[in-house]
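Enquirer: Build the 3D model from these lines:
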Amino acid sequence: MTEFQDIRIVELNDGASGSVEGPLTTMVLQLSADTPAAWADSFNETWKGRASVMRRAATASGNMIILACMPYELQSQITELNKVVAETNASYRDTAEQAAARQDAELKHLKVTLKYD
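Expert: Numbers count the residues shown, from 1 in each chain. Sure, this is the predicted structure:
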């Protein structure tokens, strides 16, 4: 298993951003890498679970986070998104390490129980 590299928000994808939904503008934030499905699911659940007055709806998928907000709100949203991204990175890394350790233990146990003659 390759070591997980932290996901980061790296830039605003201005070419994909800009559609207007009422008073809100769709903003597409580019991530440093494609997210594993479990990472995106964890991020999305965490973000939705911490709804506050200042937090806009956002969804991680593939190599982006899509949110709708007022343009002047984007920096504060990125600040909050970065907190959840960091938490998701730590949680995903722990889960992946536990799964790898469990798999290693299962293979070691299997190896000692196999008979070849």
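Enquirer: continuing past the helix or strand bottoming out on mean pLDDT in the chain, what's the next helix or strand?
Expert: Using mean pLDDT, DSSP states H and E, the weakest-scoring helix or strand in the chain turns out to be strand 20-21, at a mean of 84. Stepping forward along the backbone from strand 20-21, the first helix or strand reached (DSSP states H and E) is strand 24-31.
Enquirer: the inter-axis angle of the following helix or strand past that next one versus strand 24-31?
Expert: Going down the chain from strand 24-31, the next helix or strand is helix 37-49, by DSSP H and E. Note on geometry: by axes from the mean of the first three to the mean of the last three C-alpha atoms, to 10 degrees, helix 37-49 and strand 24-31 are set 140 degrees apart in direction.
Enquirer: Show me what helix 37-49 packs onto, helices and strands only.
Expert: Helix 37-49 makes packing contacts with strand 58-61, helix 74-113 when contacts are defined by 3 or more C-beta pairs under 8 Å, 6 or more residues apart in numbering; DSSP states H and E. C-beta here means a position set from N, CA and C on the backbone, and glycine is covered the same way.
Enquirer: Can you pull out the low-pLDDT segments for this protein?
Expert: When the per-residue scores of the chain are filtered using pLDDT under 70, the ranges that remain are 1-2, 51-53.
Enquirer: got a list of what D41 touches?
Expert: With C-beta atoms under 8 Å, 6 or more residues apart in numbering as the criterion, no residue contacts D41.
Enquirer: Would you give the sheet partners of the least confident helix or strand of the chain, along with the direction of each?
Expert: Each strand that strand 20-21 pairs with, and the sense of that pairing, follows from DSSP bridges: strand 24-31 (antiparallel).
Enquirer: With just CA atoms, put the strand it pairs with into CSV.
Expert: In CSV, the C-alpha atoms belonging to strand 24-31 read as follows (Å, rounded to 0.1, in the frame of the first residue of the first chain):
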residue,chain,number,x,y,z
LEU,A,24,-24.6,32.6,-4.6
THR,A,25,-21.8,31.9,-7.0
THR,A,26,-20.5,28.3,-7.5
MET,A,27,-16.9,28.1,-6.6
VAL,A,28,-14.7,25.2,-7.6
LEU,A,29,-11.6,24.7,-5.4
GLN,A,30,-8.9,22.5,-6.9
LEU,A,31,-7.3,19.9,-4.6
